[in-house]
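Undergrad: With the sequence up front, the predicted model follows.
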Amino acid sequence: MANVRVALRVRPLSKREAKDGGRIIVEVDGRVATIRNLKVDDRPDGFGDSREKVVTFGFDYCYWSVNPEDPRYASQDVVFQDLGTEVLSGAAKGYNICLFAYGQTGSGKTYTMLGTPASMGLTPRICEGLFSREEDHPSLPSSCRIKVSFLEIYNERVRDLLKQSDQKKPYTLRVREHPEMGPYVQGLSQHVVTNYKQVIQLLEEGIANRITAATHVHEASSRSHAIFTIHYTQAILENNLPSEIASKINLVDLAGSERADPSYCKDRITEGANINKSLVTLGIVISTLAQNSQVFSSCQSLNSAASDGGDSGIPSSSSRTSSGGRPSRKQSYIPYRDSVLTWLLKDSLGGNSKTIMVASYSETMSTLRYASNAKNIINKPRVNEVRPSSRNFSSPNDEKDENLKELVLQNELKIDQLTKDWTQKWSDWKALMEYYSVDINRRRAGLVIDSSLPHLMALEDDVLSTSVVLYHLKGQWIERDHCTITSACGVVVLRPTPGARCTVNGREVTASCRLTQGAVITLGKARKFRFNHPAEAAVLRRRRQVGEAVGGNGSLEWLDLDGDVTASRMGLYPLLWKERGVLGEQGEEDHPQPGNGATSHGAQIQQQQCYAEDLRQHILAGSIRAEQELELDQAVLNQQIKDNQQWLLREETWLASLQQQQQQDCVAEKELEASVAPDAWLQTDGEAQPPPLFQSQKRAAQLQLLRRHALRTAERNVWRKTATFQLERTIEKQRLLEAQRSLDQLKALCWLQDDSTQQPPDQVPGPRRRSRAAGCSSLSLQR
Ligand SMILES: Nc1ncnc2c1ncn2[C@@H]1O[C@H](COP(=O)(O)OP(=O)(O)OP(=O)(O)O)[C@@H](O)[C@H]1O
């Protein structure tokens, strides 16, 4: 519980006022303001009471800003040190805060709230405080987010001061009420800011767009109420779990009240009427809230003027609450919805907010009475904390409301868990499927079965068998009785168990043997398999294409399918010389076939190249697959978002119609009640919503929450998947780099050996040197 904090500020006389012989009749002493010499009775017959009347008001702060020479002088900085820092500390703790300036036109509201370029007011100073707070105190949560919006209420219509319409006619925005967040402006632009300069730019932009006009009292009078809202969110760790503290700061510069002047044009009179209407409503709201707070608090008002409803100067609603002069136990109806201003500030006035009011004083005492009344309002500010898995619902008075929220919370948690489980299972299953994926395509007359992993394909002896069996070689595949087939980093090796009969391409294998694309393996006498290595096949296909491109016949006669085990272990080493023949003809002329050592290195280089190429292919295929999948996920997510938006629209329309219906019913009901018993309506609780609408709104909110949650989860999944793909790619690339490195080492070793087998440099004729260079170019061409 917290009382509304009220500050009084007295500005200096304007030049015109000083010229007209005006004087300041209010005196400030500490936290008390005194007004003397009030006319007690201004009857023209002279029989009025001539005694000096003194009225005192107590406030939380009193600022004497009349003369800078005065020791009591309160500068902009002094005001900020009290009020601004209170706003900042409240925001840092996660409270919603509303600071508004009230007063007659020309009394100094805009000066206090916004200030001038030479003398900054509260709003820019508070913004500055938010940013410097982050910089000055690194111990504070580093992850803070600030979003601002700026609106004005002119003639009971809301305009976005930071998003001007292109059309001549300014567009207006609708005010809606969220069942949980309270009233809000639909479509109001929100601007994320990361530094102080950006906020000031937005503030200046909004101020420039605000409607002002000259009045009798003030040349540049603000004709609208302006609300600058800062959404301040801090990421914190609570019990080692990520959590958020969100605070909404409303900084309100109200339009000034003024007496209607018949000499004004029609528009100005309407404008003034609307300003006065909203300020009168604000007065009623403040007065009623103060009374309601008094009903429930044992505290007596310190201020006699505040408790004197008849002399408050504010349209009193006491008649609605009192019965026989004593306050009723029943809470009075608070007419928030009677003006857009009070509706929008509903939460700030008497709700979940810390509220500070700066009353700018000039001439009339009504401002002081207004302010004094506001002091009695007791709010229930609470910290807005968003817990890791869900929002933190708190402090509703209504028990039913609490239960409902609890239910929503539980549902949300359940859904969260289910979604998590489901996602996990789904991704496990998907990963498994992906790993063993077999692509079956219908092509022309037949079907093509394809897989990107090394596998064995059973060659059935039974002519009646019509099925195809694929055995994927994932990591290690152990056939206990026969042989071990290992697949590591794209290299598949078969090791027969001692005594077990294994043949590869018709030759018996007794030691480890590397399997190459297309090898036919026979286990025992009957079981025949064909070994497929898709990545290797892709490399071979590409080479065949290169061969064709440079004039070869594209045949695979060099693919030594029947090569002996040693050759097989070397993998594709014959390719090296074949390719040199194709790509390095120039070097071939004077470059003899290297000796055995060189052959072995060449084979290793070739093998390494194949491996690197495999990896490259693998990365390529992986990234294409990842992209496709992400695209698909994104499309699903977009569709979900679209569906949600449509659903929200339908729900809103439906609620609006329900609301309209309810309003009509209410009017009809009131009319009926009025005709039956004029005082009967006093007994009704204005704040209570009729059950059907309330239920519908709750239901809508519940559904909305669930849907929003599902969306958030889906978004998180896409993000997680993207991250996984990126990680996979990075790992693959790392592997590729390593392969490349060892390839380079092998090459260097090979050339070193070449060098050692050649004659000393002084005996080497020129063309041989060229040939080595040509060999080099041949390799780099391959690379
Ligand atoms: N504390 C102050 N010190 C010096 N000048 C002030 C102070 N307060 C107000 N003024 C000056 O008084 C004039 C009117 O102030 P301001 O525009 O803030 O009034 P306002 O209450 O916002 O008026 P309106 O409601 O018509 O917009 C301005 O010229 C402003 O600079």
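TA: Perfect, thanks for sending it. What you are looking at is a predicted structure, and each value in this text was computed from that prediction instead of being measured.
Undergrad: Return the set of residues that bridge with N3.
TA: I378 (DSSP bridges).
Undergrad: can you pull the contacts of it?
TA: S293, K375, N376, I377, I378, N379 (C-beta atoms under 8 Å, 6 or more residues apart in numbering). From N, CA and C alone the C-beta is placed, and that goes for glycine too.
Undergrad: Looking at these, which is nearest I25?
TA: I25 has its nearest neighbour among these in K375, at 21.2 Å by C-beta to C-beta.
Undergrad: The closest one touches V4, doesn't it?
TA: Yes. Assessed by C-beta atoms under 8 Å, K375 is found in contact with V4 at 6.1 Å.
Undergrad: higher neighbour count, those two?
TA: Set side by side, K375 and V4 give different neighbour counts by other C-beta atoms under 10 Å, the larger being at V4 (26 against 23).
Undergrad: where does P71 fall, phi/psi-wise?
TA: phi -60, psi -20 (degrees, to the nearest 10).
Undergrad: ditto for L523
TA: phi -100, psi 120.
Undergrad: Next, count neighbours for the residue nearest to it when sequence neighbours are not counted.
TA: Nearest residue to L523 in three dimensions, chain neighbours excluded: H482, at 5.2 Å (C-beta to C-beta, 6 or more residues apart in numbering). Neighbour count for H482, taken as other C-beta under 10 Å: 17.
Undergrad: Quick one, grab the pLDDT at H482.
TA: Note for H482: predicted pLDDT of 79.
Undergrad: Wait, it touches R495, no?
TA: No. Using C-beta under 8 Å as the test, H482 is too far from R495 to be in contact (10.1 Å).
Undergrad: Please report phi then psi for the closest residue to L114 other than its chain neighbours.
TA: Leaving aside its chain neighbours, L114 sits nearest to G121 (4.5 Å; criterion: C-beta to C-beta, 6+ apart). Torsion angles at G121 (phi, psi; degrees, to the nearest 10) stand at phi -90, psi -170.
Undergrad: Tell me if I'm right that G121 and Q76 touch.
TA: Yes. Taking contacts as C-beta under 8 Å, G121 lies within contact range of Q76: 6.2 Å.
Undergrad: So for the two, which residues contact both of them?
TA: T112, G115.
Undergrad: what's the span of stretch 526-537, first residue to last?
TA: 26 Å (C-alpha to C-alpha, to the nearest Å).
Undergrad: repeat for stretch 524-539
TA: Terminal-residue distance, stretch 524-539 (C-alpha to C-alpha): 31 Å.
Undergrad: quick one: contacts of it?
TA: Here stretch 524-539 has contacts from 450-459, 461, 471, 482, 490, 492, 500-501, 515-523, 572, 610, 613-614, 617-618, using C-beta under 8 Å, 6+ apart.
Undergrad: So for it, mean pLDDT?
TA: Per-residue scores along stretch 524-539 average to 81.
Undergrad: Please spell out which residues along that stretch are buried.
TA: Using 16 or more other C-beta atoms under 10 Å as the test for burial, stretch 524-539 gives K528, F529, F531, N532, H533, P534, A535, E536, A538, V539.
Undergrad: next one: stretch 11-27
TA: So for stretch 11-27, counting by 16+ other C-beta under 10 Å, buried means R11, L13, S14, E17, I24, V26.
Undergrad: now, the most widely separated pair of the residues you listed?
TA: S14 and V26, at 15.7 Å, using C-beta to C-beta across the buried residues of stretch 11-27.
Undergrad: So the helix or strand hosting V280, near the ligand or not?
TA: Taking DSSP states H and E as the definition, V280 sits inside helix 266-296. No. Judged by C-beta under 6 Å from any ligand atom, helix 266-296 and the ligand are separated, with a smallest distance of 8.7 Å.
Undergrad: The lengthiest helix in the chain - contacts with which helices or strands?
TA: In terms of residue count, the longest helix belonging to the chain (DSSP state H) is helix 596-676. With contacts defined as 3 or more C-beta pairs under 8 Å, 6 or more residues apart in numbering; DSSP states H and E, helix 596-676 has these neighbours: helix 534-549, helix 565-570, helix 573-583, helix 691-757.
Undergrad: if you average pLDDT over the second one, what comes out?
TA: In this case it means helix 565-570. Averaging pLDDT residue by residue across helix 565-570 gives 36.
Undergrad: what's the spacing between A374 and V340?
TA: 19 Å (C-beta to C-beta, to the nearest Å).
Undergrad: ditto for R716
TA: R716 is 38 Å from V340, by C-beta to C-beta.
Undergrad: What of H482?
TA: 84 Å.
Undergrad: which non-adjacent residue is nearest L703?
TA: E651 (7.5 Å).
Undergrad: That neighbour: neighbour count?
TA: 17.
Undergrad: Ok, the one 5 residues further on next?
TA: With neighbours defined by other C-beta under 10 Å, the count for A656 comes to 12.
Undergrad: and what of S278?
TA: By other C-beta under 10 Å, neighbour count at S278 equals 23.
Undergrad: P71 now?
TA: If we define neighbours as other C-beta under 10 Å, then P71 has 6 of them.
Undergrad: cool, and A33?
TA: Neighbour tally, A33, other C-beta under 10 Å: 23.
Undergrad: got the contact list for H225?
TA: Counted by C-beta under 8 Å, 6+ apart, H225 has contacts E152, I153, V252, D253, L254, A255, I275, S278, L341.
Undergrad: Show me where the stretch 1-150 of the chain has its strands.
TA: 2-3, 5-10, 26-29, 32-35, 55-58, 61-64, 97-103, 115-116, 119-120, 144-154 (DSSP state E, counting those that start in this stretch).
Undergrad: With respect to I227, which of those lies nearest?
TA: strand 144-154 (5.4 Å).
Undergrad: residue ranges with poor pLDDT in the stretch 651-783 of the chain?
TA: Applying pLDDT under 70 to the stretch 651-783 of the chain flags the ranges 672-694, 749-783.
Undergrad: Get me the contact residues on it for the ligand.
TA: Counting by C-beta under 6 Å from any ligand atom, the stretch 651-783 of the chain has no residue next to the ligand.
Undergrad: what's the domain layout of this structure?
TA: 2-40+51-296+333-386, 455-460+472-532, 604-656+703-752 (the TED database).
Undergrad: Check those domains for me and report the most buried one.
TA: domain 2-40+51-296+333-386 (a mean of 18; mean count of other C-beta atoms under 10 Å).
Undergrad: Make JSON lines from the buried residues of stretch 11-27 and add pLDDT and distance to Q606 to it.
TA: Below are the buried residues of stretch 11-27 laid out as JSON lines (pLDDT from 0 to 100; distance: C-beta to C-beta, whole Å):
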{"residue": "R11", "pLDDT": "89", "distance to Q606": "89"}
{"residue": "L13", "pLDDT": "86", "distance to Q606": "96"}
{"residue": "S14", "pLDDT": "81", "distance to Q606": "93"}
{"residue": "E17", "pLDDT": "79", "distance to Q606": "97"}
{"residue": "I24", "pLDDT": "80", "distance to Q606": "98"}
{"residue": "V26", "pLDDT": "83", "distance to Q606": "97"}
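Undergrad: Having no further points to raise, I will conclude here.
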